[in-house]
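1. Make a model of this:
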Amino acid sequence: RLGGDLAQVARAAAPRSLRPKPRQLVLVAMMLRQAARIAGRQVAAKTRPSFQAPAVARAFGAVVKKEETAAVRPFKGASRSEPNLEYIEEPSMLYMTCLVATPWIISFWFL
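-> Got it, this is the predicted structure:
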């Protein structure tokens with residue numbers, strides 16, 4: 001029994017006031033067991049062959065040619081009521097976010 005051997009060694013080597021209690025010996029044995037398990041897992045992980053990715057990576061999805069198309073509108077010009085004005089596409093959400101956030105960023109950074 002491991003606990004008994006540790007107790008005999010501890011009694012022989014240390015004076016009575018420094019001898020570990022039986023509960024402490026059990027805790028030491030538990031910690032040693034846990035450390036041995038962790039060390040065994042690390043050794044097993046290092047000896048196991050690592051996963052090698054294939055030399056040629058597979059492309060997911062088809063390669064599609066994107067066609068440039070203008071916005072589809074059923075009318076000519078800017079609107080039905082003003083067909084002579086030039087149509088101007090609405091700005092993107094990213095552009096508008098940057099436009100609004102830039103003054104805030106500047107004010108937080110410098111003020």
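2. heading toward the C-terminus, what's the first helix or strand past the worst-scoring helix or strand of the chain on mean pLDDT?
-> One helix or strand of the chain scores below all others by mean pLDDT, DSSP states H and E: helix 2-13, with a mean of 61. Where DSSP states H and E defines the elements, the next helix or strand beyond helix 2-13 is helix 22-47.
3. Okay, now the unreliable bits of this structure?
-> Applying pLDDT under 70 to the chain flags residues 1-20, 50-72.
4. Where does Ala78 sit, in terms of helix or strand?
-> Here Ala78, judged by DSSP H and E, is contained in no helix and no strand.
5. Quick check: it touching Leu85?
-> Yes: judged on CB atoms under 8 Å, Ala78 makes contact with Leu85 at a distance of 3.8 Å. Yep, even glycine has a C-beta here, placed from its N, CA and C like the rest.
6. Between the two, point out the one with more neighbours.
-> Applying other CB atoms under 10 Å to Ala78 and Leu85 shows that Ala78 carries more neighbours, namely 14 against 10.
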